[in-house]
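In: I would like the atomic coordinates for the input below:
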Amino acid sequence: MSRGDTYLFNDLFTIADVDKDGQRFDRVSRLTATSANYNADLILDFNNELYPLKAGDKVTLMLTTSLALNGNAATASVSDSWRDKLPSDPRDLSDEYDYVCHGKCYKMEDEGSSQVSVYISFGGLLLRLKAEFKDLAAFTKGENVYLLMRK
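Out: Coordinates of the predicted model:
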C-alpha cells in the first residue's frame with residue numbers, strides 16, 4: 001500500500017496487557033502491545049466503551065497525516081461536522097477502520113541504541129510508540145496525526 005507523503009506507520013499489534021496498573025478513568029484504558037513486523041512497543045490510551053480490547057487481541061494500527069484514500073494530503077477533506085457521514089459523502093480511510101482519533105505529535109525522544117519514542121496526544125489520550133529510528137523517521141514533532149485501528 002502506497003500512501004505517499006502522508007503515511008507514517010502501519011503494523012499488526014498483539015495486545016499484551018490492558019490496564020496492567022489499574023484503570024484510572026471511566027471509559028479509558030491503557031494497553032501495551034508489540035508489533036509483528038517492526039518489533040515496535042506501543043502504549044496507548046483508548047476509549048474502552050467505544051472500542052473494547054483485551055489482552056491477546058490483534059489489531060492493525062495505522063498512523064497517517066491524511067485520511068485521503070490516495071494518500072495525497074492536498075485532496076484530503078476532513079469534516080468538522082458533529083454528524084455521522086452521509087452515504088453521499090466521499091469515502092476516506094476512516095471508512096475502513098473501527099476506531100479513529102486525531103491528535104498531535106508532541107514529543108520525540110532518543111532511547112539510545114538506534115531506538116526512538118514518538119509521543120502523540122489525542123485530546124488527552126496518549127500514545128507512545130517505540131521502535132528503530134529508521135521505522136519512525138517519517139514523524140515530525142508538531143504535526144497532526146490520525147490514529148486508525150481495526151481488529
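
In: what's the spacing between stretch 126-140 and its chain's center?
Out: Centre-to-centre, stretch 126-140 and its host chain are 11 Å apart (C-alpha atoms, centre = their mean, to the nearest Å).

In: wait, I meant stretch 130-143
Out: That offset, for stretch 130-143, works out to 13 Å (C-alpha atoms, centre = their mean).

In: could you do stretch 19-29 as well?
Out: Here stretch 19-29 shows a centroid-to-chain-centroid distance of 19 Å under the convention C-alpha atoms, centre = their mean.

In: other residues contacting that stretch?
Out: Val18, Arg30, Thr32, Asp45, Phe46, Asn47, Asn48, Glu49, Leu50, Leu53, Leu125 (C-beta atoms under 8 Å, 6 or more residues apart in numbering). Where C-beta positions appear, they are placed from N, C-alpha and C, glycine not excepted.

In: next secondary structure element downstream of the biggest strand by length in the chain?
Out: Taking DSSP state E as the criterion, the chain has its longest strand at strand 99-112. Per DSSP states H and E, the first helix or strand lying C-terminal to strand 99-112 is strand 115-122.
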